[in-house]
Structure formats: C-alpha cells, structure tokens
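Novice: dropping the sequence and predicted coords here.
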Amino acid sequence: MSTIALAFSDGMTIARRNLIKIKRVPDLIVFTLLSPIMFVLLFAYVFGSSISIPGVSYREFLMAGIFVQTAVFGATWTGLGLAEDIQKGIVDRFRSLPMARSAVLVGRTTSDVVINLISLVVMSLTGLLVGWRVHTSLLEALAGFALLLLFAYALSWMMAVIGLWIRSPEVFNNASFMVIFPLTFVANTFVPSNNLPGALKVIAEWNPVSAITQAARNLFGNTHPALPTPDAWPLQNPVLATLGWTAIILLIFVPFAINRYRKAVSR
C-alpha cells in the first residue's frame, strides 16, 4: 500500500475514533451547537432591529456571516483535540501502533468536517425559523455549503498548528480566540465592509473570512443590487478568492502541522 493510501486509511480510523468519542460524550456536540444558535437569535432579534441593510432583510444578510463564524469556531476542535490527546498521552499510544505519522492529523481534521456539517444543518434550520431563505438553485446552495466546509477544513490545519504548539487545552482556548475574533469581526460577517472606517475597511475587504462570507451570500442569493458594490477584488470575485485563500492556507499549514506533530511526539 502506498504512503498516501496508508495515511488516508489510518486517518479514517482515527476519524471514526473521534466521532465515537462525541457519541459517548454528547455534551460536546450539544454545547457546540448551542453557541451559534444563540448568536443567530441574539443578532436577529436584539441587533437586527437597529441594523438596516439596503434591499435585503438583515436576517438574510446575517446568516452567511453566522455560517462562516460557526465554521471558523468549529475548526478549533482540531487544535483542542490535539492538545488534549498530547496532554493525556493518547498520542504516545498511537506512536506504538504501525500507522502513518500523519494519520492523527488527517483523522482529526476529517472528523471535524463532519462536526461542521452537523453544525451547518442545525444552523440552516435555525435560520429558516428566523426568516432566512435561499433564493438560488439547489446546486448553488450546495456549492455554498461545500465552500464553507472546505474553508473550515483549511482552518482546521491552522488550528492544528496552534494546538500542537501550545499543547495545553486551557491555554489553547484563549489563544485560538485571539485568532478567531479578529478574523470574524473585522470582516463583512455582520455589517457591510463599506461601513467600516479607514484601515479597518481595507483589512476587512482582504480578510479571507470576508471572501467566504460574500461567496456564501452570493450562492444563497442573500444579496441585492441596492447594496454598495465592493471595491476590493476578493469581494468582487469571492468564490475565486475563497478557493485561493483555502489553497494558500493548506499549502502553508499542512506541512507546518505535520512538522510540528513530529516534533511534539518525539519529545
């Protein structure tokens, strides 16, 4: 069996192990799902009445941003899980097994795609309840969800690096939020980037989170001609920009994560 095939096979075994863990500890997935639901209800009913978006309901404008925020938050499962496995010595047990070194990372990132998929399904149902609707074809909507999962998968590798670097679940939570909050809030997730002042506007326009959010809005049909036309290339071509950002993140962080993992388990 080739090295790639072995890594994939072993990775799927690790992914099943991670998903079985969630089945045994359902509280993990329950509280993961409650957080984005809370954000939807909070923004839709508390802030939504005071935020006006030209030509489109704020609740429809909001949902793409919530989807992206949920996917970004879901990516932290990778880093947190790796930090816990290293702290508890589970990774040392994997070292004694005849398995590919990269299998732990492949399995962890793959299982997190499943968790993100479940989160997006729950978020979609919540969105429908508060007034969100898809105004495009089924194929475009599926492409929107696929793009969200692909972007979240790339971010999982970034979080893997943070988790392997810090190696403490408690510290990881604080460190990951220092990355996540600027990414998700200095963007067009909750308000149009044109509403932001000066330098923040430029940062938001070139933020990869803004690109995936705009791509999701376009693919779900939650935009309107009355909305200001974006000036930056990533927001004019959000699908291409998202694919480009995803490729860049994977090219940088996949080898970085594998290298960090090898150093972490060799100690």
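Specialist: Structure's in. What do you need? Numbers count the residues shown, from 1 in each chain.
Novice: show me the shaky parts of the stretch 101-250 of the chain.
Specialist: Applying pLDDT under 70 to the stretch 101-250 of the chain flags the ranges 101-102.
Novice: now the strands for it?
Specialist: Remark: no strands are assigned in the stretch 101-250 of the chain by DSSP state E, counting those that start in this stretch.
Novice: could I get the full set of helices for it?
Specialist: Using DSSP state H, counting those that start in this stretch, the helices of the stretch 101-250 of the chain run over 103-130, 138-166, 169-185, 198-205, 208-220, 233-236, 238-265.
Novice: export those to CSV and tack on distance to S49?
Specialist: Glycine gets a C-beta too; all of them are placed from N, C-alpha and C. CSV is the format used below for these (distance: least, CB to CB, whole Å):
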stretch, distance to S49
helix 103-130, 13
helix 138-166, 27
helix 169-185, 20
helix 198-205, 24
helix 208-220, 21
helix 233-236, 26
helix 238-265, 28
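Novice: residue contacts, the nearest residue to G144 once chain neighbours are set aside?
Specialist: Spatially, and ignoring its direct neighbours in sequence, G144 is nearest to L219 (3.4 Å; CB to CB, 6 or more residues apart in numbering). L219 makes contact with 136, 140-141, 143-144, 147, 239, according to CB atoms under 8 Å, 6 or more residues apart in numbering.
Novice: quick check on P230: phi, psi?
Specialist: Per-residue torsions, P230: phi -60, psi 150 (degrees, to the nearest 10).
Novice: would you mind measuring from it to H224?
Specialist: From P230 across to H224, the span is 13 Å (CB to CB, to the nearest Å).
Novice: just G79 next, same as before
Specialist: The gap separating G79 from H224 is 37 Å, by CB to CB.
Novice: between those two, who's got more neighbours?
Specialist: A direct count of neighbours by other CB atoms under 10 Å for G79 and H224 places G79 higher, at 31 against 15.
Novice: ok, the more buried one - contacts?
Specialist: By CB under 8 Å, 6+ apart, the contact set of G79 is 159-164, 166, 172, 176.
Novice: find me the pLDDT at the residue lying closest to H224 once chain neighbours are set aside, would you?
Specialist: Nearest residue to H224 in three dimensions, chain neighbours excluded: G55, at 3.0 Å (CB to CB, 6+ apart). Looking at G55, its pLDDT reads 81.
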